[in-house]
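[1] with the input below, show me the fold.
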Amino acid sequence: MKEKFRIDSLDEKQKDYIVKFKFEGHGMDRTLGLNVSEVAFSYDGKEPWLLEEVEIGVDCGSRIAIVGPNGAGKSTILNLMMQHLEPCQGEVSASKGIRIRQYHQHFEELLPLDKTGVEYLTDAFNLGPPEKARAVLGQFGLPGGSHFTKIGNLSGGQKARVAFAALMLMKPHIIILDEPTNHLDIESVEALTTAITNFNGGLVLVSHDARLITEVDCELWVCEDGGCYRFEKDFDGYRDKVLNQLD
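    The predicted structure is shown next:
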């Protein structure tokens, strides 16, 4: 009897757990976006370059996935797009007035760790009363008991939910996602996949999650050997390329 009560309680808990990620864009205007033009970059500002002659354009109708081995410069390209890094050569430019926002795993850069999720969303996005912030956090799967916990004391998965909630409220024209499925459970990955598939704006994605890339139907760009180029085949073709290199 004790065992049955435990399983029933678990079922109830699962029924209450509904996650619905949502991001609203501003339309897929292909004349608005950002351009990375003939960019070379290294962290010490000297040759040899980590990246060289990188040329990539992203507009509000783009669906781009950047793939490649670890250390090839994928996250560096994203930070150049965000203009968090200055190119050593070439330039990065964006259409005036468009919001380009990023999600990544370095939560200390994205979130105020000394505030609760409710305080952060209420203050940063002028939400009020607190119930509005709680509704948004709940939508992204943050348990009610964690809404008034300082963000710094939340788990990685809980921090991710606060960051995604904030990303929605920023209402970006272009979203840049760096390994967005890390820290998320299966239900949340599915909710995220649906949300970015339906997102009415531009998307740049770096992920090792093959299913996410294929379900969102992204144009593939490969970052390797100091460059970044469009890959003409689909993700299965890229996987075959990688496997052939291992032979």
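[2] those strands in this protein, which residues are they?
    Remark: strands assigned in the chain by DSSP state E are 33-41, 51-59, 63-67, 89-94, 100-103, 174-178, 202-206, 219-224, 227-230.
[3] could you dump these to TSV with mean neighbour count, mean pLDDT and distance to residue 122?
    Every residue, glycine included, has its C-beta placed from N, CA and C. What follows is the strands of the chain, written out as TSV (neighbours: other CB atoms under 10 Å; pLDDT from 0 to 100; distance: least, CB to CB, whole Å):
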stretch	mean neighbour count	mean pLDDT	distance to residue 122
strand 33-41	19	98	31
strand 51-59	19	97	32
strand 63-67	22	96	33
strand 89-94	15	98	29
strand 100-103	20	97	19
strand 174-178	24	98	23
strand 202-206	24	98	28
strand 219-224	18	95	38
strand 227-230	16	96	39
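[4] same list (these) but as JSON lines, adding distance to residue 154.
    Listed next are the strands of the chain as JSON lines, based on distance: least, CB to CB, whole Å:
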{"stretch": "strand 33-41", "distance to residue 154": "32"}
{"stretch": "strand 51-59", "distance to residue 154": "31"}
{"stretch": "strand 63-67", "distance to residue 154": "28"}
{"stretch": "strand 89-94", "distance to residue 154": "32"}
{"stretch": "strand 100-103", "distance to residue 154": "16"}
{"stretch": "strand 174-178", "distance to residue 154": "19"}
{"stretch": "strand 202-206", "distance to residue 154": "24"}
{"stretch": "strand 219-224", "distance to residue 154": "31"}
{"stretch": "strand 227-230", "distance to residue 154": "34"}
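[5] closest one to residue 157 among the ones you listed?
    strand 100-103 (13.6 Å; CB to CB).
[6] list the strands paired with the closest one, with their directions.
    strand 174-178 (parallel) (DSSP bridges).
[7] so which residues make contact with the strand it pairs with?
    Residues outside strand 174-178 that contact it (CB atoms under 8 Å, 6 or more residues apart in numbering) are 23, 33-34, 58, 60, 62, 74-75, 78, 81-82, 98-105, 167, 196, 199, 201-207.
[8] and if you look at stretch 102-116?
    Contacts for stretch 102-116 (CB under 8 Å, 6+ apart): 75, 78, 82, 120, 123, 147-152, 156, 159-160, 162-164, 166-167, 175-180, 182-183.
[9] one more time with 6 Å, if that's ok
    Under the contact criterion CB atoms under 6 Å, 6 or more residues apart in numbering, stretch 102-116 has outside partners 82, 120, 148, 150-152, 159, 163, 167, 176-178, 180, 182.
[10] one step back: out of the strands of the chain, which is closest to residue 241?
    Judging the strands of the chain by CB to CB, what sits closest to residue 241 is strand 219-224, at 8.2 Å.
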